[in-house]
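here is my input; please provide its structure:
(2 chains)
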Protein chains: 2
Amino acid sequence: MSDRVYNFSPGPAVLPVPVLEQAQRDLLALPGAGASILEISHRSKAFEGILAEAKSRLKSLLGIPDNYQILFLQGGARLQFSMIPMNLLRAAGTAAEYVVTGSWSKSALEEAKKEGPVTVAWNGKETNYDRLPALGSLPINPQAAYVYIASNETIQGIQFATDPDMGDVPLICDASSDFLHRPVDISRYGMLFACAQKNAGPAGVTIVIIRDDLLARGQDSLPGYLNYRVHVENNSLWNTPPVFGIYVFGLIAQWLQEEIGGLDKMYALNRQKAQMLYEVIDASQGFYRGHAQPECRSLMNVTFRLPNEELEKKFLTEAAKLKLCDLKGHRSVGGMRASIYNAMPLEGVRTLRDFMQEFSANNGA
Amino acid sequence: MSDRVYNFSPGPAVLPVPVLEQAQRDLLALPGAGASILEISHRSKAFEGILAEAKSRLKSLLGIPDNYQILFLQGGARLQFSMIPMNLLRAAGTAAEYVVTGSWSKSALEEAKKEGPVTVAWNGKETNYDRLPALGSLPINPQAAYVYIASNETIQGIQFATDPDMGDVPLICDASSDFLHRPVDISRYGMLFACAQKNAGPAGVTIVIIRDDLLARGQDSLPGYLNYRVHVENNSLWNTPPVFGIYVFGLIAQWLQEEIGGLDKMYALNRQKAQMLYEVIDASQGFYRGHAQPECRSLMNVTFRLPNEELEKKFLTEAAKLKLCDLKGHRSVGGMRASIYNAMPLEGVRTLRDFMQEFSANNGA
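Prediction:
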């Protein structure tokens, strides 16, 4: 284990070590299957069990009501950006409303525009996406096809802290970068989706949780792979699913249930980790400047700048010596980004906090 | 290794043991990266190297000309069934011609019909897809948007043995189930694609080789993820690619180059393996009846029936005792299917051959 660093990458990102160890054990022969997890048929008894268990663990973790379906798809959030309007907007007869809070909801909006009428319900561009609107106070058309949000914007480091109540308008949520980081009231959402490569597995699997009544909107003229209903009717087996990604997701769900003790405990741990870093920022007398407005701060991605770019370079170099890696922020925001997803150990955050304190003390705070 | 069976699954399918062993070693920490292959960023130096090497090995293995691009996508062959007509048919002004030789080309045709005008150039339905047409003699419109074929039909076990010459009409080929099983003259194809889970890796990555001039047909109005040009312009990094699948594909390409010694040698080995089984069928005096007409037999999927269903059940049960697994054929053809992809060891085929001989001797041949 000693050759592992503290990986603050925004995604693909750190995974729980017990999950990696289990996957490693099953890589030549999955017990009882006589073949690697990479080699078993998606129609095999072994995979049937893996798929069923992944679904049931997710259902239990999030308390997903019976009128929602769980899908495991490919193509990442980017393909969802198109599938959502193709399925839910084309036949709706009214516009969809997009809440543009950062880079990812902006990309979703661009794809939706190609598929049907959209309205921008709110746009944070003018303040470089450093804050969030009060969703309840937006002038949303009560007949809107749906309202679209990203619960967490990885690049900017801002996050909705609670589940919005949009009444009867279906709320569609990109939870790619904060999926399973806290308990969620799924009944508030028409659909919630997440690519796995932050909190839920390796890149290549996308989890979709969708309410039954929305499935009827998908028209038969849609390409088969892009029709949610086709995947529901075939239990995600219409085509060969990303077997390995689903398997790893199942191990992560098991880790959340059995090692962490559920999403309440995960949430407490995530708040503790984020608080450690935000406290350093707030106590630094302006040496560290957070990008997000304090009330919108993300528990997953902590974004901050230093007094100048030279110090930022020095920060990265010295951090790397302590095995604190991938802390460079996205170019559109600059500075640093510490992505502290579920699997980032407390020890990693503690090491980063101590380093941040030392670095600001040594460099002029 | 003793708990591994001989896995004749049609896909996901057997992988080379040295590839599995390497992936197992890298599963906790990729040397030099400080993180698992499942955790590294797709923007990291480590993955840049993996992607570049996977592409260059593939280019070298198939002798891909410089005017072709290599993409690593998600969504399997099923998504290609839609992406192909969306990109290559919508703006073409003429119909595409589909050669329907089995289940997979039939599924491709169904998706294409949703996207634009298509013509069925040939249909093998009446003989339950047991044979192939001479492509050169089909009345293909020389102005056709493209001609579509599946080089190998996994379910029926029939395969084009050579690269067709379709002149100036772009030939689009689903090579999912025989990719890299022999040298191919890529210049005969406008586009050739393969989902990985037969000869090229775990489920979840799809390899596309496409000629430059065809990229211009993709319109800007296409969903971003479904536009080949978008992926080419971003070197398959427009969205987070299936990192692990690309990594395993690179290991397989390396195995083909360094352990097998290239595609000529792979082809010789594949012919040897298939011949061992077809010889038993032909020498069985009708006990085993091959589904495919002899001149169309697949080197990848050997399909055959036994005198009756009772004997077929018995065959499967006794085979399993020898660790010969997943030999049951698809319900549309019935009987047996031995999928003997690149990674199926000669020893596995030999064991199956010996068992087949013994079984027919003991059961009435």
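
ok, and the closest non-adjacent residue to A:V5?
With CB to CB, 6 or more residues apart in numbering or on different chains as the criterion, A:V5 has its nearest non-adjacent residue at 3.5 Å, and that residue is B:G34. For every residue, glycine as well, the C-beta is placed using N, CA and C.

pretty sure the one you found sits against A:N7.
Yes - counting by CB atoms under 8 Å, B:G34 touches A:N7, with 7.1 Å between them.

now do the shared contacts for those two.
Taking CB atoms under 8 Å, 6 or more residues apart in numbering or on different chains as the contact rule, the neighbours common to B:G34 and A:N7 are A:C325.

look at the two and report which has more neighbours.
A:N7 (27 against 20; other CB atoms under 10 Å in any protein chain shown).

quick one, phi psi at the more buried one?
phi -100, psi 100 (degrees, to the nearest 10).

tell me if I'm right that it and A:L15 touch.
No - counting by CB under 8 Å, A:N7 does not reach A:L15; the two are 9.1 Å apart.

I figured A:V5 hits B:L30, correct?
No - with contact defined as CB under 8 Å, A:V5 does not count as touching B:L30 (11.1 Å).

now stretch A:86-93: mean pLDDT?
For stretch A:86-93, the mean per-residue pLDDT is 93.

burial of A:N239, as a residue count?
A:N239 - counted by other CB under 10 Å - has 22 other residues nearby.

which non-adjacent residue is nearest it?
Closest to A:N239 by CB to CB, 6+ apart is B:R78, at 3.9 Å.

from B:E110, how far out is that neighbour?
Distance check for B:R78 against B:E110: by CB to CB, to the nearest Å, it reads 11 Å.

which pLDDT does the model give A:M1?
Note for A:M1: predicted pLDDT of 50.

ok so, going back, what about the residue nearest to A:N239, how many neighbours?
22.

quick check: phi and psi at it.
Dihedral pair for B:R78: phi -60, psi -40, per degrees, to the nearest 10.

so it sits right up against A:N234, yeah?
No - using CB under 8 Å, B:R78 is not in contact with A:N234, being 10.8 Å away.

for the lengthiest helix in chain A, packing partners?
Longest helix of chain A, by residue count under DSSP state H: helix A:263-283. Judged by 3 or more CB pairs under 8 Å, 6 or more residues apart in numbering or on different chains; DSSP states H and E, the packing partners of helix A:263-283 are strand A:289-290, strand A:301-305, helix A:346-362.

got those as TSV, with mean pLDDT and distance to chain B columns?
Below are the helices and strands packed on helix A:263-283 laid out as TSV (pLDDT from 0 to 100; distance: least, CB to the nearest CB, whole Å):
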stretch	mean pLDDT	distance to chain B
strand A:289-290	97	23
strand A:301-305	98	14
helix A:346-362	98	12
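
tell me which of the ones you listed sits most buried.
strand A:301-305 (a mean of 26; mean count of other CB atoms under 10 Å in any protein chain shown).

right, and the helix or strand after that strand?
With elements assigned by DSSP states H and E, the helix or strand that comes after strand A:301-305 is helix A:309-321.

what residues does stretch A:351-361 touch?
With contacts defined as CB under 8 Å, 6+ apart, stretch A:351-361 is touched by A:6, A:8, A:276-277, A:279-280, A:284, A:287-288, A:315, A:318-319, A:322-324, A:327, A:338.

can I get the buried part of those as one ChimeraX selection?
Buried members of the contacts of stretch A:351-361, identified by 16 or more other CB atoms under 10 Å in any protein chain shown, are gathered into one ChimeraX selection as follows:
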select /A:6,8,276,277,280,284,287,288,315,319,324,327,338
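
please, where are all the strands along chain A?
Using DSSP state E, the strands of chain A run over A:6-7, A:68-73, A:96-100, A:118-123, A:147-150, A:152-153, A:158-159, A:171-174, A:191-195, A:206-211, A:289-290, A:301-305, A:324-325, A:336-339.

so which of these is the most surrounded?
strand A:152-153 (a mean of 30).

okay, now the sheet partners of it, with direction.
strand A:158-159 (antiparallel) (DSSP bridges).

pLDDT (mean, whole number) over the strand it pairs with?
Averaged across strand A:158-159, pLDDT comes to 98.

list the contacts of it.
By CB under 8 Å, 6+ apart, strand A:158-159 touches A:101-102, A:129-132, A:151-153, A:178, A:292-293, A:296-300.

make it 10 Å
Contact with strand A:158-159 is made by A:101-102, A:124, A:129-132, A:150-153, A:177-178, A:181, A:274, A:291-293, A:295-301, A:303, as judged by CB atoms under 10 Å, 6 or more residues apart in numbering or on different chains.

select only the buried ones of those residues in PyMOL?
Of the contacts of strand A:158-159, the buried ones go into a single PyMOL selection, burial set by 16+ other CB under 10 Å:
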select buried, chain A and resi 101+102+124+129+130+132+150+151+152+153+177+178+181+274+291+292+296+297+298+299+300+301+303
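
pLDDT weak spots in the stretch 251-365 of chain A?
By pLDDT under 70, the weakly predicted segments of the stretch 251-365 of chain A are A:365.

residues contacting the spatially closest residue to A:P241 that is not a sequence neighbour?
Sequence neighbours aside, A:F72 is the residue nearest to A:P241 in space, at 5.4 Å (criterion: CB to CB, 6+ apart). Contact analysis of A:F72 by CB under 10 Å, 6+ apart lists A:51, A:54-55, A:58, A:196, A:201, A:205-208, A:231, A:235-237, A:241-243, A:245-246, A:249.

now swap in A:E347 and tell me
By CB under 10 Å, 6+ apart, the residues touching A:E347 are A:Y6.

and it, how far from A:L327?
Taken as CB to CB, the span from A:E347 to A:L327 is 16 Å.

over to A:D178?
A:D178 is 19 Å from A:L327, where distance means CB to CB.

again, but for A:Y146
Taken as CB to CB, the span from A:Y146 to A:L327 is 36 Å.

and for A:D3?
19 Å.

what parts of the stretch 101-250 of chain A come near chain B?
For the stretch 101-250 of chain A, the residues in contact with chain B (CB under 10 Å from any CB of the partner chain) are A:107, A:110-115, A:176, A:195-198, A:201-206, A:220-226, A:230, A:238-246, A:248.
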